[in-house]
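Trainee: build me a model:
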Amino acid sequence: MSFARRQPKTLSDRVQDMVWPRMGWGRVLRYRLKRLLRVGGSPHAVAAGAAAGMFAAFSPFLGFHYIIAALLAFVLGGSILAAAAVTTLANPLTLPLFWAASYEVGSLFMPSHTHFSAAAILEQPTWAAIEPFLAPLVVGSFVAGTILGLVIYFPVRALVTNYQAGHLRP
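Mentor: Residues are numbered from 1 along each chain as shown. Reported below is the predicted structural model:
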């Protein structure tokens, strides 16, 4: 390989780079934005794909994020590659934050008398322990994902339009 490392990264180095990249989060986010801008397609397709990816990132159905993003991008006429790129925001570090926010939003629409306790679920990981929290989590993820998908659509569309017109440097 032309660009392979002489000394492969150790497992601990790879884990550290996932948690805190050596070049910093700013560089990682700029890189992700450049990758998103370079995805082929119309500005609507890229923005719709990004919105679909953001919606899917909030899903509580672990393991189905990419499938949800791809299906939604297809239905919206968006880029499946852009959807997959944005769906990567759902990682082990961000999922607890997304799910906590989704549960809080869902609790506004579906008031529940049970208080969410991760410790209780970890002590007794059964369907009976999880079931009272699932409905508010699903409703909240749908609402939060839809709102953030709409919020991300317009700036991404404007950025892609400017990039493709040559007004924005990669």
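Trainee: relative to L62, how far out is E104?
Mentor: Going from E104 to L62 by CB to CB, to the nearest Å gives 19 Å. (C-beta placed from N, C-alpha, C; glycine too.)
Trainee: who has more neighbours out of those two?
Mentor: Using other CB atoms under 10 Å as the criterion, E104 and L62 rank with E104 on top: 14 against 9.
Trainee: residue contacts, that one?
Mentor: With contacts defined as CB atoms under 8 Å, 6 or more residues apart in numbering, the neighbours of E104 are G140.
Trainee: which SS state does it fall under?
Mentor: When classified by DSSP: H, G, I helix; E, B strand; the rest coil, E104 comes out as helix.
Trainee: do you know the pLDDT at it?
Mentor: On the pLDDT scale, E104 is placed at 86.
Trainee: ok, now how distant is it from A73?
Mentor: 27 Å.
Trainee: do the same with S141
Mentor: Counting by CB to CB, the gap from S141 to A73 is 17 Å.
Trainee: and L11, how many residues sit next to it?
Mentor: L11 is flanked by 8 other residues according to other CB under 10 Å.
Trainee: meant to ask about L97, not that
Mentor: Around L97 there are 9 residues (other CB under 10 Å).
Trainee: what are the buried residues along the strand or helix carrying it?
Mentor: In this structure, L97 sits in helix 95-109 according to DSSP states H and E. By neighbour count on 16 or more other CB atoms under 10 Å, the buried set for helix 95-109 is 95, 98-99, 102-103, 105-107.
Trainee: A52: which of those is nearest?
Mentor: Set against A52, the nearest of the buried residues of helix 95-109 by CB to CB is F98 (15.4 Å).
Trainee: that closest one and T87: what is the separation?
Mentor: Computed as CB to CB, the F98 to T87 distance reads 11 Å.
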